[in-house]
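>>> Turn this into a structure:
(one chain, ligands or ions: 1)
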Amino acid sequence: MMKPHASPPPSERAVPGGVPVAVRHSQLNDAMSDTSTPSLPELRCSSKGCIAAAVYAVKWNNPRLHPPERRKTWLACAAHRDSLASFLAARGFWRETEPLPPR
Ligand SMILES: [Zn+2]
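Sure, this is the predicted structure:
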């Protein structure tokens with residue numbers, strides 16, 4: 001009788017398909033944290049795990065934390081614009097979604 005011993009090695013190279021990756025220089029910064037890279041012209045989507053270029057600004061405000069005129073901004077790609085906005089809208093935070101000016 002054989003033991004079911006299925007433990008595939010963690011694949012570091014597994015890249016989810018179907019993601020439009022427009023950012024090539026991410027490989028250059030793999031070794032370093034690029035959270036403070038000043039020469040990163042691309043605005044990226046704020047959605048967790050998404051590296052697509054942002055094309056929308058989702059403006060929101062938390063009335064418990066922010067004065068009414070204050071606007072926080074989440075950047076969003078076309079695919080996540082609606083999900084980010086509805087996440088905020090469900091909490092009463094969403095104010096407006098604006099297309100980003102072309103860069
Ligand atoms: Zn996105």
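>>> I'd assumed Thr97 was in contact with Trp60.
No. Under the criterion of Cβ atoms under 8 Å, Trp60 is not in contact with Thr97, lying 9.5 Å apart. The C-beta positions use only the backbone N, C-alpha and C, and glycine is treated the same way.
>>> who has more neighbours, these two?
Trp60 (22 against 17; other Cβ atoms under 10 Å).
>>> Count residues in the vicinity of the residue nearest to Ala78 when sequence neighbours are not counted, would you?
The shortest distance from Ala78 to any residue other than its chain neighbours is 5.7 Å, reached at Val55 (Cβ to Cβ, 6 or more residues apart in numbering). Val55: 18 surrounding residues under other Cβ under 10 Å.
>>> Pop out the phi and psi values for Val58.
Per-residue torsions, Val58: phi -100, psi 110 (degrees, to the nearest 10).
>>> residues contacting it?
Ser46, Thr73, Trp74, Leu75, Ala76, Arg81, Leu84, Ala85, Leu88, Trp94, Glu96, Thr97 (Cβ atoms under 8 Å, 6 or more residues apart in numbering).
>>> Can you tell me which residues in this structure are near the ion?
Cys45, Ser47, Cys50, Ala52, Cys77, His80 (Cβ under 5 Å from the ion).
>>> ok, the second one - contacts?
Contacts here follow Cβ under 8 Å, 6+ apart; on that basis Ser47 touches Ala76, Cys77, His80, Ser83, Leu84.
>>> Mind jotting down where the helices sit in the chain?
With DSSP state H as the definition, the chain shows helices at residue ranges 81-90.
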